[in-house]
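Peer 1: let me see the structure of the following:
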Amino acid sequence: MPPAAAAAERAESVRAAARAWARAGLVDEATAAAVAARYPDDRVRLPRGLRTLAFVLTALAVLAAFAFVLTVGPDGGRWGFVAAAGMFAAVCAAGTEWQRGPARRADAGAEAATALLAAGFAGIALFAALDRPEVTPAMPSRCPRAAASSR
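Peer 2: Sure thing, here's the model as predicted:
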C-alpha cells in the first residue's frame, strides 16, 4: 500500500473515532472539529448510492471488456483463456493501485470493484491453469442398462 494511502486511512480512522467520541459525549463538538481539522481528508469519497453505482458500472465495464477480448481475440484454447484472465488480473490490480495512490480515491466504489475483479480474475486464471481436463476418472454407472449399453 502506498504510504500516502496508509496515512489517509489512518487519518480517516482518527476522524471516525473523534465522531464516535462526540456521539458518546466523551468530547464536545469543538474538540471533534479540531481533530477533523488536524487530520484533513485528502481523498475522493462518494456517498453510498454513488459508490454502489460506480462499483456496479466499473465491474460491468471490466467484465464487458473481458468478454470482448475473449470473443474477438484469437482462439488460444485453455492457455489463451488463462493468459487473458491473468492479464486482466494484473491490469485490475494496477488500476486499483493507481486509484488508491496517485488518483487519491477512497470509498469511491471503482477501486473496490477493480480490487475484487483482480482477485477474481487471478483465481479464475489459477483454476483454469491447474485444471486437468484430459484426466477423467472412470466412474462406474449406477444404471445397469447404461452400463450394459456402454460395453
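Peer 1: show me what contacts V14?
Peer 2: Applying CB atoms under 8 Å, 6 or more residues apart in numbering, one finds that V14 lies in contact with 35, 39. Just so you know, the C-beta spots here come from the backbone N, C-alpha and C atoms, and that holds for glycine as well.
Peer 1: domain map for this structure?
Peer 2: 1-42, 44-133 (automatic domain parsing).
Peer 1: where does the prediction get shaky in this structure?
Peer 2: Within the chain, the ranges that satisfy pLDDT under 70 run 1-2, 4-5, 132-151.
Peer 1: repeat that with 80
Peer 2: 1-9, 11-12, 36, 40-46, 73-76, 101-107, 131-151 (pLDDT under 80).
Peer 1: helix, strand, or coil at the residue most central in space within the chain?
Peer 2: The chain has L116 as the residue nearest its centroid, 1.5 Å off, counting by CA atoms, centre = their mean. The three-state assignment at L116 reads helix, by DSSP: H, G, I helix; E, B strand; the rest coil.
Peer 1: distance of it relative to L63?
Peer 2: For L116, the distance to L63 equals 11 Å [CB to CB, to the nearest Å].
Peer 1: most tightly packed of the domains of the chain?
Peer 2: domain 44-133 (a mean of 15; mean count of other CB atoms under 10 Å).
Peer 1: quick one: distance of it to the chain centre.
Peer 2: In terms of CA atoms, centre = their mean, to the nearest Å, the centre of domain 44-133 is set 7 Å apart from its chain centre.
Peer 1: surely L46 touches T58?
Peer 2: No - L46 lies out of contact with T58 (CB atoms under 8 Å); the separation is 11.9 Å.
Peer 1: overlap in contacts of these two?
Peer 2: Common neighbours of L46 and T58 (CB under 8 Å, 6+ apart) are G109.
Peer 1: what sits closest to L117 if chain neighbours are left out?
Peer 2: C92 (4.6 Å; CB to CB, 6 or more residues apart in numbering).
Peer 1: what residues does stretch 77-91 touch?
Peer 2: 62, 65-66, 69-70, 73-74, 76, 117-122, 124-125, 128-129, 131, 133.
Peer 1: switch to 10 Å and redo it
Peer 2: 62-63, 65-66, 69-70, 73-76, 114, 117-131, 133 (CB atoms under 10 Å, 6 or more residues apart in numbering).
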